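Enquirer: sequence and predicted structure below; questions after.
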Amino acid sequence: MPTFTSHVSLDDITRLASHTGLSPKSTPILQAAEEARANDYDAICYPLTTEKWRKRWQDMCLFPGEDVEDKNALEQRAEAWRAKPTFSLDEVTVTRLDEAEGTVALISDWLELDASDDWVRHDAEIALQQELAYASYLNFHTAILPPPRNREHVASYARAVNACLHAVPFIELSVRISIYDPSVFHASSAAKRASVLEPSSPGSSPAQAPVSAWEIWDTIHSICDYNLRLTLTLDLTLPLPSTLGLLSQWLAEPIRHIFLPASAFIANAKGYPVLPKGTQAFIRDVMKLQPNIILSGTSAGRHSRGGESAYKQYVRHLEKTSPSVQAAQTRGTVEHFARGYQDYLQAPLQPLMDNLQSATYETFERDPVKYNNYEQAIYLALAEWPRPGKILLCVAGAGRGPLVARCLSAIERSGKDAFVYAVEKNPNAFVTLQERKKLEWKEKVELLYGDMRTLVVPEKVDILVSELLGSFGDNELSPECLDGAMRFLKPDGISIPASYTAHIAPLSSSKLYNDTGSTADQKAAETPYVVKFNAINILSGDGGGVSGTCGPKIQECWEFEHPRSDAVLDRRGLPLTNSHNARSARLTFHIPHEGVLHGLAGYFEARLYGSVGLSIHPNTMDKVSKDMLSWFPLFFPLRDPLYLPSNSELHVSIWRLTNQRQVWYEWHAEAFLPVPRSAPNSDRTPNVTKRKRQSQDTVLLSPRPLSAVASSPLVDAVDVPFIVERGERTAEEEEDRGEVMLVKIGQTALHNPHGRSSWIGL
């Protein structure tokens, strides 16, 4: 659940200090905290310093006077302060440990760490370190920093913050960023740039559109090397866009606080405070991250109905109506099952090398959706069986017997005469199977102990049933296992599952990158993990992109079918090598909005029999196997983040490779900017390769000379010597006008070459 914090302004502190009823042991801050608790807030946040500190700093560092003697005196004072920064008692709002307990400090919002003037930046950084040192002295756990205001010097802002992260241990620093709908900002003359929006707010300067605001944050985050103590405070003072496309990129960031002043609310028809539609939608979406909601100015009476409590009640209503929150609170859903496992890295199983524990089987067997679908698939296969006589089934990899039980249930439903063999290599699980045969199955089942790849069965069967799928379909060696088990099957037999496909999509997630790529451990960044995604953003979009060659948002890599006939077999019916199970794919994704690539999300779809299947593909899972619990997606991490501008293309290559002992994945990505071509014939264009695809001409350029004419804050347009503007074109040149050039702007390393960091053992 989100927490709620009441913002206490300097005016509030002054008002409380004027009360004569305060006991000698009480202070304005303690009184404010008591009032907040009485109003059902979890904490308070307040400025660390007073206006007297601001005045002294400005007098010393900004030199407003013209008198030379005054300037010299002020400079001496400033130098003394720079040498030994310290506060006077009347320059701070808090002095005691009990005042700081459970509260959030607001660093002076007038500090311009990205000012155009070098000396202002220099002195602002000293003041920032002074305030944070004092906050650390009082044991504050969190401090909210002033917002960045100047894109030109955002690197200076980030460098200063990074210095503070190293100089002041333990405190979490949260950067305040304002996001909003730029059409509202530009249409309103009242929303011009100011250092403080209103007296009751921590202050922010909405000088950036949503995309560039994210880009500023990403620059700060990157320069600070994704420090775990650097978080994000989103200022939602102004209305947000009604669509979440641009805003989804924030959901992959470490959002810790949401600042909501009373001025962000509008009155509904009855006079109660509500939020604009765009802000409502974003709040509902961000509730899955359980942020701290900072409410400000709620006692000012801005709305005629509801009073101070109405603001918090309304945000609670948005939380309760959030789809992600509702799903997490509903039994039987994946979100409810996965509570506590969101964005938690889990190593995939090694089913051939390791014997599973009973508790692991127990977890998988709690999934009614998977086994209902399996039973339905088996039932349909039995019901449609074309020949009379006894039907033989084999469960390959029976575990503790859930599929065996479903086979017997399907046999009973179909009314067919059938018999079941159950194969299992885990000696411990085989004991459980013996018990179930004795107590439940009797003579309906025959147990066979051994590895399905080498075991000899008494007779060939008509239907082979297995549950060997992994999060990526084949990542738990279902193809290799079933290569051996296909020996059990008659020439016209049926395999359940009949086929399965692997799918990927580009993903951004600060949390997952911090857990993998930000470490010095190469293995961690080259190992696929099973993850229940939460704080992520899928970067790709649907459609062909600028070049017209891009595929859908989530794209298929490859497929495996069973039974298969492409493997060369030995006398025992086993493949001579595993080369037929190698796969590769090269996929092209359209990136509609800028973002940072941290890895690839992996999914699978499986067809069990007929129209019955299993899926964790986001686009089909609700139709095929809604609320299935057995599989979370697979995450292929990247060692280093890759920045992707808006309207760029991402080319992903992924391989499934094998030898006689192992199977492993390798992956690599390249980023390109599609640039409309207006150039002479290709024979006069150096370093250009043309390709035709989907009736579109695309030209691939080498990185030199770098050319880009796309609107990206990180890629500037430069002169391209071989692009010539001419008033007239030949017929051939007119035909070339539809071409698109792809300018390479970045790439990743090849991950996990030769399976050096991760592999699945045969």
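Expert: All right, it came through fine. Numbers count the residues shown, from 1 in each chain.

Enquirer: ok, and the closest non-adjacent residue to Ile144?
Expert: The spatially closest residue to Ile144, leaving aside those adjacent along the chain, is Ser174, at 4.8 Å (CB to CB, 6 or more residues apart in numbering). Any C-beta I mention is one placed from the backbone N, CA and C, and that applies to glycine too.

Enquirer: I'd guessed that neighbour sits against Arg229; true?
Expert: No: Ser174 is beyond contact range of Arg229, at 9.4 Å (criterion: CB atoms under 8 Å).

Enquirer: between the two, which has more neighbouring residues?
Expert: Comparing Ser174 with Arg229 by other CB atoms under 10 Å, the one with more neighbours is Ser174, at 24 against 16.

Enquirer: check contacts around that one.
Expert: Going by CB atoms under 8 Å, 6 or more residues apart in numbering, Ser174 touches 142-145, 230-233, 256-257.

Enquirer: check contacts around Gly332.
Expert: Contacts for Gly332 (CB under 8 Å, 6+ apart) come out as Asp627.

Enquirer: how much space between it and Glu362?
Expert: As defined by CB to CB, to the nearest Å, Gly332 lies at a distance of 17 Å from Glu362.

Enquirer: part of a strand, is the residue nearest to Ile144?
Expert: Yes: checked against DSSP: H, G, I helix; E, B strand; the rest coil, Ser174 lies within a strand.

Enquirer: number the residues from 652 up from this point.
Expert: Sounds good: first residue 652 from here, last item Ser825.

Enquirer: give me the three-state assignment for Val1303.
Expert: What three-state DSSP gives for Val1303 is strand.

Enquirer: let me know whether it touches Ile1155 as I believe.
Expert: Yes: under the criterion of CB under 8 Å, Val1303 is in contact with Ile1155, at a separation of 6.7 Å.

Enquirer: quick check: closest non-adjacent residue to the most centrally placed residue in the chain.
Expert: Centroid-nearest residue in the chain: Ile1187, 1.3 Å away (criterion: CA atoms, centre = their mean). The shortest distance from Ile1187 to any non-neighbouring residue, by CB to CB, 6+ apart, is to Ser1160 (4.3 Å).

Enquirer: need the pLDDT of that neighbour.
Expert: As predicted, Ser1160 sits at a pLDDT of 97.

Enquirer: burial measure for it, as a count.
Expert: Using other CB under 10 Å, Ser1160 has 26 other residues around it.

Enquirer: before we move on, what about Phe1015?
Expert: Counted with other CB under 10 Å, residues neighbouring Phe1015 total 18.

Enquirer: residues contacting it?
Expert: Neighbours of Phe1015 in contact, by CB under 8 Å, 6+ apart: 1050, 1053, 1281.

Enquirer: a markdown table for the residues you listed, including distance to Ala1149 and pLDDT?
Expert: A markdown table is the format used below for the contacts of Phe1015 (distance: CB to CB, whole Å; pLDDT from 0 to 100):
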| residue | distance to Ala1149 | pLDDT |
| --- | --- | --- |
| Gly1050 | 21 | 95 |
| Pro1053 | 20 | 97 |
| Ser1281 | 18 | 93 |
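
Enquirer: which one of the residues you listed sits closest to Ala811?
Expert: Checking the contacts of Phe1015 against Ala811 by CB to CB gives Ser1281 as the nearest, at 48.3 Å.

Enquirer: what's the separation between that closest one and Arg990?
Expert: The gap separating Ser1281 from Arg990 is 16 Å, by CB to CB.

Enquirer: swap in Asp1291?
Expert: Per CB to CB, Asp1291 is found 32 Å from Arg990.

Enquirer: for the helix or strand hosting Leu779, which helices and strands make contact with it?
Expert: Using DSSP states H and E, Leu779 maps to helix 769-788. Applying 3 or more CB pairs under 8 Å, 6 or more residues apart in numbering; DSSP states H and E, one finds that helix 769-788 contacts helix 702-713, helix 719-734, strand 793-796, helix 805-818.

Enquirer: who wins for proximity to Ala784 among those?
Expert: Taking CB to CB, helix 805-818 is the member of the helices and strands packed on helix 769-788 nearest to Ala784, at 7.8 Å.

Enquirer: what's in contact with the closest one?
Expert: 764-765, 772, 775-776, 779-780, 783-784, 796, 799, 801, 824, 826, 867, 870-871, 873-876, 878, 880-881.

Enquirer: then stretch 659-679?
Expert: Residues outside stretch 659-679 that contact it (CB under 8 Å, 6+ apart): 680, 682-683, 687, 695-698, 701-702, 744-745, 747, 750, 850-851, 947-948.

Enquirer: can you check stretch 1104-1115 too?
Expert: Under the criterion CB under 8 Å, 6+ apart, residues 1029, 1032-1033, 1036, 1042-1045, 1047, 1072, 1074, 1097, 1099, 1131-1141, 1144-1147, 1213, 1225 lie in contact with stretch 1104-1115.
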